[in-house]
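Student: sequence-free structure coming up:
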């Protein structure tokens with residue numbers, strides 16, 4: 001790579017039930033720490049030509065599902081040797097049922113196979129411990145296990161993931177269709193999923209919600225939630241993930 005070549009990043013920050021504006025701004029500030037990075041900000045995956053021209057992709061979304069053609073293009077983009085730094089709800093599809101429960105329909109298999117997981121449920125938010133699954137990997141080396149007050153993702157796993165961070169949970173995910181989780185397998189928190197010549201970095205942490213982010217279901221959400229955005233280790237992970245993608249840009 002030329003010493004003076006800029007790095008073109010495509011950031012998709014959009015969706016529901018989260019303070020997307022807060023997450024977008026924090027990510028833009030982190031990207032701006034590298035003067036070579038030029039960021040294209042979008043609210044969907046429609047501009048496939050711009051995505052294909054980018055050096056890597058970053059997403060912070062919830063309930064934002066690309067079309068089938070977009071899913072195939074995203075898979076091919078990663079397979080060609082690119083990287084996708086996917087955060088929090090990128091792998092979520094949510095359907096609110098009349099009985100008050102939430103379902104996670106598995107209607108985008110290409111997307112979820114590319115990402116390596118699909119979000120299915122989470123227990124009520126409360127503090128939990130994040131464990132270091134591969135302490136020698138550059139993305140997490142030197143980071144010790146830490147506590148966070150975030151959504152603990154319970155996911156369907158697709159493929160052979162390289163686990164970097166994980167956690168443990170057994171019990172009930174109250175108000176979700178798939179409520180009971182009894183197996184004691186490690187729950188992915190941060191992993192790599194190889195797709196062809198490229199890979200997805202998926203970090204499930206990063207929940208945030210403000211007073212007005214549950215409209216129209218709730219006019220005023222009583223508590224501002226910042227989750228792992230208040231944990232120093234989360235910013236270390238974000239910075240390292242960005243650097244990892246920059247160092248492998250094309």
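Tutor: Nice, thanks for sending it over. These numbers come from a predicted model, not from an experiment.
Student: got the contact list for the spatially most central residue of the chain?
Tutor: By CA atoms, centre = their mean, the chain has its centre lying nearest to residue 87, at 1.8 Å. Contacts for residue 87 (CB atoms under 8 Å, 6 or more residues apart in numbering) come out as 23, 27, 58, 59, 60, 202, 203, 205, 206. Using the backbone N, CA and C atoms, a C-beta is placed for each residue, glycine as well.
Student: show only the entries of these found in strands.
Tutor: 58, 59, 60, 202, 203 (DSSP state E).
Student: mind checking the longest helix of the chain?
Tutor: helix 232-247 (DSSP state H).
Student: in the protein, which spans are helices?
Tutor: Going by DSSP H, the chain shows helices at 20-31, 48-53, 68-79, 109-115, 232-247.
Student: possible to save these as CSV with distance to residue 198?
Tutor: Converted to CSV, the helices of the chain look like this (distance: least, CB to CB, whole Å):
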stretch, distance to residue 198
helix 20-31, 20
helix 48-53, 12
helix 68-79, 4
helix 109-115, 10
helix 232-247, 10
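Student: residues of stretch 119-126 that come out buried?
Tutor: 119, 120, 121, 122, 123 (16 or more other CB atoms under 10 Å).
Student: now the nearest residue to residue 202 once chain neighbours are set aside: how far from residue 12?
Tutor: Excluding its sequence neighbours, the residue lying closest to residue 202 (CB to CB, 6 or more residues apart in numbering) is residue 86, at 4.8 Å. As judged by CB to CB, to the nearest Å, residue 86 and residue 12 stand 10 Å apart.
Student: what do the two both touch?
Tutor: 58, 59.
Student: give me every residue that touches residue 65.
Tutor: Counting by CB under 8 Å, 6+ apart, residue 65 has contacts 93, 107, 108, 111.
Student: which non-adjacent residue is nearest the second one?
Tutor: Meaning residue 107. Residue 107 sits nearest to residue 93 (CB to CB, 6+ apart), 6.3 Å away.
Student: what of residue 53?
Tutor: Per CB to CB, 6+ apart, closest to residue 53 is residue 8, 6.6 Å.
Student: pretty sure that neighbour contacts residue 38?
Tutor: Yes: counting by CB atoms under 8 Å, residue 8 does reach residue 38; the two are 5.5 Å apart.
Student: who has more neighbours out of those two?
Tutor: Neighbour count, other CB atoms under 10 Å: between residue 8 and residue 38, residue 8 has more, with 16 against 13.
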